[in-house]
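Colleague: Take this sequence and fold it.
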Amino acid sequence: MVGWRDAAARRASARASSARERGVRPSLQHVEGGAIEAPHALDQRREHPFEVAQAGAAVHEDEAGAGGADDPAEPATPVAENAAEVSDLAAGAADLAEVSARSSVCRACPRLVSWREEVAAGKRRAFQTQPYWGRPVAGWGDEAPRILVVGLAPAAHGGNRTGRIFTGDRSGDWLFAAMHRVGLANQAASVHSGDGLLLTGTRVVATVRCAPPANKPTPAERDACAHWLDREVGLVLSSVRAVVALGSYAWEATFGTLRRNGVAVPRPRPRFGHGAEVTTGGVTVLGCFHPSQQNTFTGKLTEGMLESVFARAKEHAGLE
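Modeller: Numbering: from 1, shown residues only. Next up, the predicted model:
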């Protein structure tokens, strides 16, 4: 395992060697006083996002997608290059800040790394002038939450752009509006990471921290990322009284991480359903249809249905 900057330099050097073999003339990029060769424009994006922001690369805290929140990682943050290293780094994370930092620079799943960076480099037309995060998205919210909200993965042009889960996309619009109506968020809007949104007694995490192609992680990608989820859940579990699982994928992941963190999980595992409630080990897991556009546009999930689940979670968490 190596630090972020060393890993970036190594990858760029390898790409430059490959480019020379193909007869491609690379450009030069400077890292800590030494020149490394970069064969294409994407390499210019390999710099740490916090360093880009510090350099004044058109980043403004009031701009959607600008990433107003501080980068959780530092140049020396170790980078996981495979599932075994994810396991080691997650287990060794002392606190939530370290889990966030280490997971935010993870490169364990080549397909996800390639996709998240391709999306960030190409950008959607509506966001052409905005910087993209293009990295794994850490959990965020209360550090001693009574309620944990578990989602699937960041949206390609949502969390992968803004650097915060359920931020800058339609699903987040629905989610945080409902949480605001029941008193779990200070505002309904979730536009960018520096927009002032605060959660009350609640933390939001993703089962898989990178945006996946077609929103479908592979089983291997899910299992590799589960180490980050397990460590984060383990650090907050003592305060959690309710978990809202957004969709069947998050429902399965929730019971999996609870079991791996020592909570007795019913067998057979309870079936997912909107409004389903299962209490085990002092934690009540609530099922909720995911606020995807497919569900909200078709009426499968209404504002009232979403609000009702969070009102119940608030009751179970003792936040009334």
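
Colleague: From now on I want contacts and neighbour counts done on CA atoms only, so please keep to that.
Modeller: Fine.

Colleague: Could you pull out the strands in the protein for me?
Modeller: In the chain, strands defined by DSSP state E lie at 2-3, 27-31, 34-38, 78-79, 140-141, 147-151, 202-206, 242-246, 277-280, 283-288, listed in chain order.

Colleague: Dump those to CSV, plus mean neighbour count and distance to residue 217.
Modeller: Output for the strands of the chain, formatted as CSV (neighbours: other C-alpha atoms under 10 Å; distance: least, C-alpha to C-alpha, whole Å):
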stretch, mean neighbour count, distance to residue 217
strand 2-3, 15, 26
strand 27-31, 15, 33
strand 34-38, 17, 29
strand 78-79, 24, 20
strand 140-141, 18, 21
strand 147-151, 26, 13
strand 202-206, 24, 12
strand 242-246, 27, 16
strand 277-280, 17, 26
strand 283-288, 23, 20
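
Colleague: Name the nearest residue to the spatially most central residue of the chain, ignoring sequence neighbours.
Modeller: Closest to where the C-alpha atoms of the chain average out (C-alpha atoms, centre = their mean) is residue 137, at 2.7 Å. Distances taken as C-alpha to C-alpha, 6 or more residues apart in numbering place residue 209 nearest to residue 137, at 5.1 Å, with adjacent residues excluded.

Colleague: Identify the residues contacting the closest residue to residue 155 other than its chain neighbours.
Modeller: Of all residues not flanking residue 155 in the chain, residue 211 sits nearest, at 5.6 Å (C-alpha to C-alpha, 6+ apart). Residues in contact with residue 211, defined by C-alpha atoms under 8 Å, 6 or more residues apart in numbering, are 112, 115, 116, 136, 153, 154, 155, 156, 159, 160.

Colleague: okay, now the third one: neighbour count?
Modeller: When you say that, I think you mean residue 116. Neighbourhood size, residue 116 [other C-alpha atoms under 10 Å]: 25.

Colleague: And the residue nearest to residue 302 when sequence neighbours are not counted, what's its pLDDT?
Modeller: Closest residue in space to residue 302, ignoring its immediate chain neighbours: residue 296 at 6.3 Å, by C-alpha to C-alpha, 6+ apart. pLDDT recorded at residue 296 is 97.

Colleague: now residue 193
Modeller: Each residue has a pLDDT score; the one for residue 193 is 89.

Colleague: now swap in the one 5 residues further on and tell me
Modeller: For residue 198, the model assigns a pLDDT of 97.

Colleague: how far away is it from residue 103?
Modeller: The gap separating residue 198 from residue 103 is 22 Å, by C-alpha to C-alpha, to the nearest Å.

Colleague: Pull the number of nearby residues for residue 291.
Modeller: Using other C-alpha under 10 Å, residue 291 is surrounded by 24 other residues.

Colleague: scratch that, residue 135
Modeller: Residues near residue 135, counting by other C-alpha under 10 Å: 26.

Colleague: ok, it - contacts?
Modeller: Contact analysis of residue 135 by C-alpha under 8 Å, 6+ apart lists 104, 105, 106, 113, 116, 117, 160, 163, 210.

Colleague: show me where the stretch 101-250 of the chain has helices.
Modeller: Assigned by DSSP state H, counting those that start in this stretch, the stretch 101-250 of the chain shows helices spanning 110-122, 159-162, 170-181, 219-236, 248-260.

Colleague: Okay then, goodbye and thanks.
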